[in-house]
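>>> next comes the sequence, and after it the predicted model I'd like to discuss.
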There are 2 protein chains.
Amino acid sequence: MADDYELLMIPGPTNLPDQVREALGRPQISHRVSKFKGLVGRISEGLQALLMTSQPVLTLTSSSTGAMEAAIVNLLSPDDPVICVDTGKFGNRLGKIAEVYGARVHWLKVERGHGVSEAELGEACAIIRPKAVLMVQNETATGVSQNVAALSEIARSYKALSVVDAVSSLGGYPLQMDLWGLDAVIAGSQKTLMLPPGLGFVAFSERAWEAAAESKMPKFYFDLTKARNSLEKGGETPYTPNTSLFVALEVVLNLIWEEGLEQRWERHHRLARATRAAMQALGLSLFAAEDVLSDTVTSVTSPVASGELTKRVREEHQIIIAGGQDELKDKIFRIGHMGTCQLEQVRQTVQAVAAVLIDMGYACDPAAAVKAAEEAY
Amino acid sequence: MADDYELLMIPGPTNLPDQVREALGRPQISHRVSKFKGLVGRISEGLQALLMTSQPVLTLTSSSTGAMEAAIVNLLSPDDPVICVDTGKFGNRLGKIAEVYGARVHWLKVERGHGVSEAELGEACAIIRPKAVLMVQNETATGVSQNVAALSEIARSYKALSVVDAVSSLGGYPLQMDLWGLDAVIAGSQKTLMLPPGLGFVAFSERAWEAAAESKMPKFYFDLTKARNSLEKGGETPYTPNTSLFVALEVVLNLIWEEGLEQRWERHHRLARATRAAMQALGLSLFAAEDVLSDTVTSVTSPVASGELTKRVREEHQIIIAGGQDELKDKIFRIGHMGTCQLEQVRQTVQAVAAVLIDMGYACDPAAAVKAAEEAY
């Protein structure tokens, strides 16, 4: 196994704590007995604390894209006008789902590496009067963080629901669902939550549940009203859940409380600062604009073809970083620093990236970059 | 952990082999590197061998109900007439999904404990001329096994697609997708495949893929054409897959080939014979009719309230068996004998059930039942 081990510095899936690996390897349990029902209830409560909401948080056996679909099909009806803040691959996905199910999607395409401005969203809302505004808190594709508190306030002022994908931010960033008035929050297991992929999470505000009661898009597996009823009936799920991930999720929640949620946000923020400083010390430019830098993933304009860079970092250093996707292919690379990540992993990654860059003909100073990371942390 | 251990004799989830538990606890891997892509390809090939099909088998990160939904929404369009062979909770579910997505569902309600007769299905097809016939191979709710080879032949003679839920039978029963002309086969990870819940499987025949190209039901997360394209592009999945279950699934497939698929069917058949003989030796009646007895789950008419029986078997013997669901609540109990199950586990279960029955005032002879099980095996 040691031979196979690779350090994951991508924006998810992330490395697993030993306690999670132990939990995943436990004997199978039944999902219809009281022991498991108690677990489902405790997990919903733990997730409520994480999302800072008094609303139930529903755990779906699917990847995060399934949770995105669940949010859309439970809130909307065909022909509903919605605005999709298209910041990149993941912001875009929310709109694509809505379109497939028949919503009238108005695309607010945002320059890559930027977030939408409040003025731009306000103007669009004034014209379109959308039922919902779809947006990401953290655009994994570009390393951009949006101020979803401010954006959802704009949506609300036009009576639109705010649908927020927090898949790659929840647990690494501040997110206060109730205080910020977010109407739907979507998350997943495999980013800062240090679990394998396979669980998605959705929470709705009161307003969102009212919209759900009217929603006419078809749904069965992702029917959140059914999921909520099962949860409230006594900690059940409507269909067989991924029991082993539920067990491991409770372990994760305990690890988060042990560290402290605010301390965890702070750690992610310092890791992001360290990564940015190191990249800049290598003479590289951050791809995301300065006012929207993500605390969980740093995107960097690559001085070489980034596909080759990431391949060699992996083969020569057993560290996996991510390239760019779609129109950003070969143009940027991305370093995820979330979940279990500590300064030491950032240091190793910086050294590996610098070594391969030098080998590919780009002159830079690895020692200075590591030093910059340490100072910024 | 030993304190917590409970023997699962329900019709899924089932007990995990040690090799699977080890695989689940391995370090997280990335889903976008060649190592994982190779795994996805090997798994599809292994599943092809298991389903006995030359068609790709798609693995979805969801429970089996998600795979059921995927089959329906990729084959059908709103207003399509379909026949649902309603044998119980799971046969019924296929029709419910189709109805939610706008199909015109004609219900062939079958007496509980029975399968549909070929004559009855033929008559219904002649009247309704359905686009598809929805059916289970093994109705988990009643322990009934249907001859899906014969039923799909009838469907085909009316140009209807056969959609077969093999969730609780695949790997425990003979199933020959291509030879039998099945158009859609649905399965899941947590039954005879000895994995935790969290993966669903779907395979389509050529005819089914042609129907998929015309299908107008909306789909995004469960879009099988996209899943097939990703698989064929080089072992990818369209959305982040449950990587740890994929890793463990390869371990399971190897365990199945080591035992031999036919030997495995034979073992399940003998376990079923042993369980039935033991129950009859206790003076109990099998709930399912003699011509449709399942090889993976045995349902028994309970001489006492089965809710209380299953509760006490669990509390006093740390063995979990299942009660009846919905209209069968308290009337039957069900013993799953699949996956890792061996005669020894059947023996323990028979003894536990007999001990609790005696305690609840039902006179029976545990030793005779164990002997009957051993002889029948």
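Received, thanks.

>>> any idea how far the spatially closest residue to A:Lys216 that is not a sequence neighbour is from A:Trp107?
Take A:Lys216 and drop its neighbours on the chain: the residue closest to it by C-beta to C-beta, 6 or more residues apart in numbering or on different chains is A:Ser77, 3.8 Å away. C-beta coordinates here come from the backbone N, C-alpha and C atoms, glycine included. A:Ser77 sits at a distance of 20 Å from A:Trp107 (criterion: C-beta to C-beta, to the nearest Å).

>>> before we move on, what about A:Gly122?
For A:Gly122 relative to A:Trp107 (C-beta to C-beta), the value is 17 Å.

>>> now swap in A:Thr140 and tell me
From A:Thr140 to A:Trp107 the distance is 19 Å (C-beta to C-beta).

>>> who's more crowded, the two?
Between A:Thr140 and A:Trp107, A:Thr140 has the larger neighbour count (other C-beta atoms under 10 Å in any protein chain shown), namely 29 against 14.

>>> the more buried one reaches A:Phe90, doesn't it?
Yes: counting by C-beta atoms under 8 Å, A:Thr140 does reach A:Phe90; the two are 5.3 Å apart.

>>> where do the contact lists of those two overlap?
Common contacts of A:Thr140 and A:Phe90 (C-beta atoms under 8 Å, 6 or more residues apart in numbering or on different chains): A:Val167, A:Ser168.

>>> for burial, what's the neighbour tally of A:Gly181?
15.

>>> please apply the same query to A:Ser285.
For A:Ser285, using other C-beta under 10 Å, the count is 11.

>>> go on, A:Glu232?
A:Glu232 is flanked by 12 other residues according to other C-beta under 10 Å.

>>> next, count neighbours for the closest residue to chain B within the stretch 201-350 of chain A.
Residue of the stretch 201-350 of chain A nearest chain B, by C-beta to the nearest C-beta: A:Asn242 (3.6 Å). Other residues near A:Asn242 number 32, with proximity taken as other C-beta under 10 Å.

>>> strands of chain A, start to end?
Assigned by DSSP state E, chain A shows strands spanning A:7-8, A:57-61, A:81-86, A:104-109, A:132-136, A:138-139, A:144-145, A:161-165, A:184-188, A:199-204, A:297-301, A:319-320, A:322-323, A:332-336.

>>> of those strands, flag the one that's most buried.
Of the strands of chain A, the one with the most neighbours on average (mean count of other C-beta atoms under 10 Å in any protein chain shown) is strand A:138-139, at a mean of 33.

>>> so what's the closest residue to A:Thr225 other than its chain neighbours scoring on pLDDT?
Once flanking residues are discounted, A:Thr225 sits nearest to A:Ala212: 6.1 Å by C-beta to C-beta, 6+ apart. Per-residue confidence (pLDDT) for A:Ala212: 98.

>>> residues touching A:Ala212, list them.
Counted by C-beta under 8 Å, 6+ apart, A:Ala212 has contacts A:Asn74, A:Leu75, A:Phe204, A:Leu224, A:Thr225.

>>> so can I have TSV of the residues you listed showing pLDDT?
As requested, those are exported to TSV (pLDDT from 0 to 100):
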residue	pLDDT
A:Asn74	98
A:Leu75	98
A:Phe204	98
A:Leu224	98
A:Thr225	98
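
>>> just the closest of the residues you listed to A:Val163, please.
A:Leu75 (6.8 Å; C-beta to C-beta).

>>> hang on, isn't A:Arg104 packed against A:Cys84?
No: at 10.7 Å, A:Arg104 does not count as touching A:Cys84 under the criterion of C-beta under 8 Å.

>>> tell me the domain ranges of chain A?
When chain A is parsed with automatic domain parsing, its domains come out as A:2-13+A:260-376, A:18-257.

>>> tell me where the stretch 101-250 of chain A has helices.
Using DSSP state H, counting those that start in this stretch, the helices of the stretch 101-250 of chain A run over A:118-128, A:148-157, A:177-180, A:206-214, A:224-234, A:243-259.

>>> if you count neighbours, what's buried in the second one?
It stands for helix A:148-157. In terms of neighbour count (16 or more other C-beta atoms under 10 Å in any protein chain shown), helix A:148-157 has its buried residues at A:Val148, A:Ala149, A:Leu151, A:Ser152, A:Ile154, A:Ala155, A:Arg156.

>>> possible to save those residues as a markdown table with distance to chain B and pLDDT?
As requested, these are exported to a markdown table (distance: C-beta to the nearest C-beta, whole Å; pLDDT from 0 to 100):
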| residue | distance to chain B | pLDDT |
| --- | --- | --- |
| A:Val148 | 22 | 98 |
| A:Ala149 | 27 | 98 |
| A:Leu151 | 24 | 98 |
| A:Ser152 | 24 | 98 |
| A:Ile154 | 27 | 98 |
| A:Ala155 | 23 | 98 |
| A:Arg156 | 27 | 98 |
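
>>> just to revisit the earlier point, tell me which of the strands of chain A sits nearest to B:Asp330.
Closest among the strands of chain A, using C-beta to C-beta: strand A:57-61, at 28.5 Å.

>>> mean confidence for that closest one?
Rounded mean pLDDT across strand A:57-61 is 98.

>>> now swap in stretch A:22-29 and tell me
Mean predicted lDDT for stretch A:22-29 stands at 94.

>>> and it, does that touch chain B?
Yes: Stretch A:22-29 lies within reach of chain B by C-beta under 8 Å from any C-beta of the partner chain, at A:Glu22, A:Leu24, A:Gly25, A:Arg26, A:Pro27, A:Gln28, A:Ile29.

>>> the first one: what's it in contact with?
By that I understand A:Glu22. Here A:Glu22 is in contact with A:Val251, B:Gly25 (C-beta under 8 Å, 6+ apart).

>>> again, only using 7 Å
Taking C-beta atoms under 7 Å, 6 or more residues apart in numbering or on different chains, we find A:Glu22 in contact with B:Gly25.

>>> now A:Phe268. Nearest residue, chain neighbours left out?
Just so we're on the same page, residue A:268 is His rather than Phe. A:Gly172 (4.1 Å).

>>> quick check: that neighbour touching A:Ala187?
No: taking contacts as C-beta atoms under 7 Å, A:Gly172 lies outside contact range of A:Ala187: 10.7 Å.

>>> one step back: so which of the buried residues of helix A:148-157 would you say is closest to B:Met194?
Nearest member of these to B:Met194, counting by C-beta to C-beta, is A:Val148, at 42.3 Å.

>>> residue contacts, the residue nearest the centre of chain A?
The C-alpha lying nearest the average C-alpha coordinate of chain A belongs to A:Ser168 (C-alpha atoms, centre = their mean; 1.6 Å). Applying C-beta under 7 Å, 6+ apart to A:Ser168 gives the contacts A:Pro11, A:Gly12, A:Asn138, A:Thr140, A:Lys191, A:Thr296, A:Val297.
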